[in-house]
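Undergrad: Compute the structure for the input listed below.
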Amino acid sequence: MTIKPLIILPDPVLRQVSAPVERVDDDLRRLSDDMLETMYDAPGIGLAAIQIGEPLRMLVIDLAKEDEEKAPVTFINPEILERSDALSVYEEGCLSIPDYYAEVERPASVRVRYLDLSGQEREIEADGLLATCLQHEIDHLNGVLFIDHISKLKRDMVVKKFTKAARKAVA
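TA: Predicted structure coming up:
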C-alpha cells in the first residue's frame with residue numbers, strides 16, 4: 001500500500017467529474033488499498049479517488065473511532081437512489097481543504113447503490129454521519145466540494161485563502 005499525495009484546493013482537478021469504473025479487478029483493489037492508507041495517514045474518515053488525482057467513481061469510508069477496530073468500506077460507482085426530506089447539519093471538513101470546517105445542511109438519510117470490491121451490487125440505507133460522509137464523497141465524484149454548500153461570501157474567502165497559499169508554495 002502506498003500513501004498518495006492529496007490534491008488540494010484550488011487545484012482544478014477537484015472540479016472534474018469522475019468517470020464510471022468499468023471493471024473491478026486487482027488494480028482497482030490496489031487503488032482502494034492506497035486510498036485507505038492515504039485516508040488513515042491524513043487522518044480522515046472518507047476519501048474520493050479524485051482527491052488523489054484518479055478521476056474514477058470510487059470512494060472509501062471508515063467511521064471507526066481511534067479505539068475501535070478499523071471498518072473500511074469501498075464504494076464503486078456509488079449512486080444516491082433516495083434522499084430524505086428531513087435534513088441534518090454536521091460540521092464538515094475535507095482532506096483537500098485542510099484545517100477548514102463549516103456547518104453543512106444535507107438530507108439526514110440516503111439510500112445508495114454501489115459495487116463492492118468483489119464487483120457485487122449492493123445497497124445501503126445510511127443516516128447520521130455515514131449519510132453525510134457518503135453525500136460529501138459522492139459530491140467529490142461530481143466535482144462538487146462541501147464549500148459549495150455554504151454561503152458565497154464564506155466560500156470565496158476560503159478559495160482566496162487557498163489560492164494565495166498555493167501561489168506562495170510555488171514561489
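Undergrad: make it CA atoms for all contacts and neighbour counts henceforth
TA: Noted.
Undergrad: So which residue is dead centre in the chain?
TA: Centroid-nearest residue in the chain: Glu137, 2.8 Å away (criterion: Cα atoms, centre = their mean).
Undergrad: What residues does the nearest residue to it once chain neighbours are set aside make contact with?
TA: Among residues not flanking Glu137 along the chain, Ala48 sits closest, at 5.7 Å (Cα to Cα, 6 or more residues apart in numbering). If you count contacts by Cα atoms under 8 Å, 6 or more residues apart in numbering, Ala48 has them with Met35, Arg57, Met58, Leu59, Val60, Glu137, Ile138, His140, Leu141.
Undergrad: any idea how far Met58 is from Ala48?
TA: Distance, Ala48 to Met58, using Cα to Cα, to the nearest Å: 6 Å.
Undergrad: Overlap of the contact sets of those two?
TA: Common neighbours of Ala48 and Met58 (Cα under 8 Å, 6+ apart) are Leu141.
Undergrad: still on that earlier bit, go ahead and name everything in contact with the helix or strand the residue nearest to the centre of the chain falls within.
TA: Using DSSP states H and E, Glu137 sits within helix 128-141. When contacts are defined by Cα under 8 Å, 6+ apart, helix 128-141 is touched by residues 14-18, 45-51, 55-59, 61, 63, 78-79, 88, 90, 106-110, 145-146.
Undergrad: can you do 6 Å?
TA: With Cα atoms under 6 Å, 6 or more residues apart in numbering as the test, helix 128-141 has contacts from Val17, Ser18, Ala48, Arg57, Ser109, Val110.
Undergrad: How many neighbouring residues does Gly143 have?
TA: Neighbours of Gly143 under the rule other Cα atoms under 10 Å: 17.
Undergrad: Check Ala169 too.
TA: The burial count for Ala169: 8, using other Cα under 10 Å.
Undergrad: Check the secondary structure at it for me.
TA: helix (DSSP: H, G, I helix; E, B strand; the rest coil).
Undergrad: gap between it and Leu9?
TA: 13 Å.
Undergrad: Gly93 too?
TA: Counting by Cα to Cα - Gly93 and Leu9 are separated by 13 Å.
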